[in-house]
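> Coordinates for the following, if possible.
(one chain, ligands or ions: 1)
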Amino acid sequence: MIASQTFPTRDAWAEAAANALAEALADALAAGGRALFAGSGGSTPSPIYARLSEADLDWAGVTATLVDERYVPETSPDSNAALLKRTLLTGRAAAARFTPLYSPAVTVDRAAAIASQALAAEGRPLDAVLLGMGEDGHICSMFPGSPTLTTLLTPGLKPAIHGVPAGRDGAAPPQERLTLNLPWLVSARRLVLALTGAGKRAVFEREAAGDPAVNPIAALIAANAPLEVFWTEAE
Ligand SMILES: O=C(O)[C@H](O)[C@@H](O)[C@H](O)[C@H](O)COP(=O)(O)O
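Residues are numbered from 1 along each chain as shown. This is a model prediction of the structure:
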C-alpha cells in the first residue's frame, strides 16, 4: 500500500514533504541522538530543502548524504553535493555533517566503494529519504536501459553505492553517476517521493505497474518499501 497525498499548491506540497522528513529525523534523534538523511538532486527538491533546513532539530546529530551524484567535483554546476549544501545545509541545518558520494581523482567505481564504506560506517539505515523521479521513471541514478540497472534493483544484495556508466548513443545518464542501490532505499524508515505536474503522475502510475526487475518504482513497491508520495499538479 502506498501512502499518497495530493496538494493544491507547491507551497502546501513543499511544506508537507519537509514536515514529513523533519518528523522522521526528529524521531530518529529522539530515539538515539543520531539521524541519517539522503536527498536527491534535480529541480524538484529545492523548495522542500529550503523549508527543511529551518526545521527545529538537533542538526548536529544529523548526517546528510545523497541518493545519487553526478561523477563531478563540487565545483561543477552539475554537482548534487553543491546543490544540497546550497539549499539544505544552510541556516539551522548547517550544523549537520555531510557525507559525499563523489571522491576526486579515482574511478567512479572506486569512488562508489569509498562511499559505500563511508555510509556503512554510519551503522544505521536511512532515517529519511527525499526522492525525485525523472520523466523516464528513474529515481536516484537507476536509469531505464542502463547495463547496471538490474543489479541496482536486486533486493537481496547488501546496501551499497554503485558506479553507473554514462549512457551510450545519447541514452541517459549523460555522465557517469554514483547511486544508492535498492536495498538502501528499502531499509529506509521513511521514503518521501516528491512529484510535481500531471505528467509525472502518469509516469508514476505507468512505472508502478511495471516489472520490478527493471522499473525502480515497481521495485520499491514489490519490496514493500515505506513509500510516501507527495503530489502537486502545480508545475
Ligand atoms: O541527480 C539527479 O538528477 C537526481 O538525483 C535525479 O534522480 C532526480 O531526482 C530526477 O532526475 C528528477 O529530477 P527533477 O526533480 O529535476 O525532475
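
> Helix, strand, or coil at residue 193?
Classification of residue 193 using DSSP: H, G, I helix; E, B strand; the rest coil returns strand.

> Would you tell me which helix is longest in this structure?
helix 10-32 (DSSP state H).

> mind listing what's buried in that helix?
13-18, 20-22, 24-26, 28-29 (16 or more other C-beta atoms under 10 Å). (Glycine included, C-beta is placed from N, CA and C.)

> again with stretch 90-102
Within stretch 90-102, the residues scored as buried using 16+ other C-beta under 10 Å are 93, 96, 98-102.

> quick one on the thing from earlier: quick one: contacts of the longest helix of the chain?
5, 7, 34-37, 47-52, 55, 57-58, 61-62, 127-128, 130, 189-190, 192, 194, 196, 228, 230-232, 234 (C-beta atoms under 8 Å, 6 or more residues apart in numbering).

> Then stretch 58-67?
The contact list for stretch 58-67 (C-beta under 8 Å, 6+ apart) reads 25, 29, 33-41, 80-81, 84, 88-89, 92-101, 119, 122, 129-131, 139-140, 179-180, 185.

> now the helices: where do they sit in this structure?
According to DSSP H, the helices that the chain contains are 10-32, 46-52, 80-87, 108-120, 149-152, 182-186, 198-208, 216-222.

> want to try TSV for these, with mean pLDDT as columns?
Listed next are those as TSV, based on pLDDT from 0 to 100:
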stretch	mean pLDDT
helix 10-32	98
helix 46-52	98
helix 80-87	98
helix 108-120	97
helix 149-152	97
helix 182-186	98
helix 198-208	96
helix 216-222	97
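
> Quick check: which of those helices is nearest to residue 170?
Residue 170 lies closest, by C-beta to C-beta, to one member of those: helix 149-152, at 17.3 Å.
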